[in-house]
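Chemist: sequence and predicted model, in that order:
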Amino acid sequence: LGVLPQLEAEGYLKKWGATMVWGTAPEPWSWYFRETNQRFPHAYQVWRPAFDHMLLRNAATSGADVREGCHVRGVVFDGDRAVGVRVARSDGGAEQQLTARHLVDASGQEGLIGRALDLRRVDPHFKNLAVYAYYEGAERLPEPDRTNIFIESFEHGRRLSAREAI
């Protein structure tokens, strides 16, 4: 994506894998990015607002037509092919249509193109909710998993005590 030198200069923490408590085994288990990608054996723990801004600025510098302060109102199709979007400025400006040779749907769960083409299907096995948090002063995992992301799953969630929820 062209931001690796800047990403490394920012000093983000390298993450070499993930440690999970998942499935029927109560003991944590780890896997490492090098097992599936030897060229890039680690990821970075980024601060998403700063990282997203870094990507946005790099896209603009690389020639992308970046529009901020806009909301996509819908996708424009030519048959089954997405050829553009209808956008409106967040400040109440008039809606306009933008066309492009290639369109990337980065709308996340909104899935604008998938919904418009009725492609979305619910998999009852994967009805999950993820909660993500950063902690200060937490004890780290032992080496070699010290910087791993830690993921826990609970079959039906877990009720927090009043003290834990504070």
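Modeler: Yes, it's here.
Chemist: measure stretch 110-130 end to end?
Modeler: End-to-end distance of stretch 110-130 (C-alpha to C-alpha, to the nearest Å): 17 Å.
Chemist: quick one: the helices in this protein, in order.
Modeler: Assigned by DSSP state H, the chain shows helices spanning 4-9, 48-61, 112-116, 162-165.
Chemist: residues near Ala25, how many?
Modeler: Neighbour count of Ala25, defined by other C-beta atoms under 10 Å: 9. Placement of C-beta: from N, CA and C, glycine included.
Chemist: hang on, the earlier thing: comparing the helices of the chain by mean pLDDT, which bottoms out?
Modeler: Across the helices of the chain, helix 162-165 has the smallest mean pLDDT, namely a mean of 54.
Chemist: which regions of the protein lie under the pLDDT threshold?
Modeler: 156-166 (pLDDT under 70).
Chemist: can you do 90?
Modeler: The model of the chain has pLDDT under 90 over residues 1-2, 21-28, 40, 48, 64-67, 80, 90-94, 102-110, 120-140, 150-166.
Chemist: how about CSV for the helices of the chain, with distance to Cys70 and mean neighbour count added?
Modeler: Converted to CSV, the helices of the chain look like this (distance: least, C-beta to C-beta, whole Å; neighbours: other C-beta atoms under 10 Å):
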stretch, distance to Cys70, mean neighbour count
helix 4-9, 25, 11
helix 48-61, 13, 13
helix 112-116, 14, 16
helix 162-165, 37, 7
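Chemist: right, and the ones you listed - which one's nearest Arg86?
Modeler: With C-beta to C-beta as the criterion, Arg86 lies closest to helix 112-116 of these, at 10.4 Å.
Chemist: adding distance to Ala82, write the helices of the chain out as a markdown table.
Modeler: As requested, the helices of the chain are arranged in a markdown table below (distance: least, C-beta to C-beta, whole Å):
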| stretch | distance to Ala82 |
| --- | --- |
| helix 4-9 | 30 |
| helix 48-61 | 19 |
| helix 112-116 | 5 |
| helix 162-165 | 43 |
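Chemist: mind checking those helices for the one nearest to Pro41?
Modeler: Closest to Pro41 of the helices of the chain, according to C-beta to C-beta: helix 4-9, at 13.9 Å.
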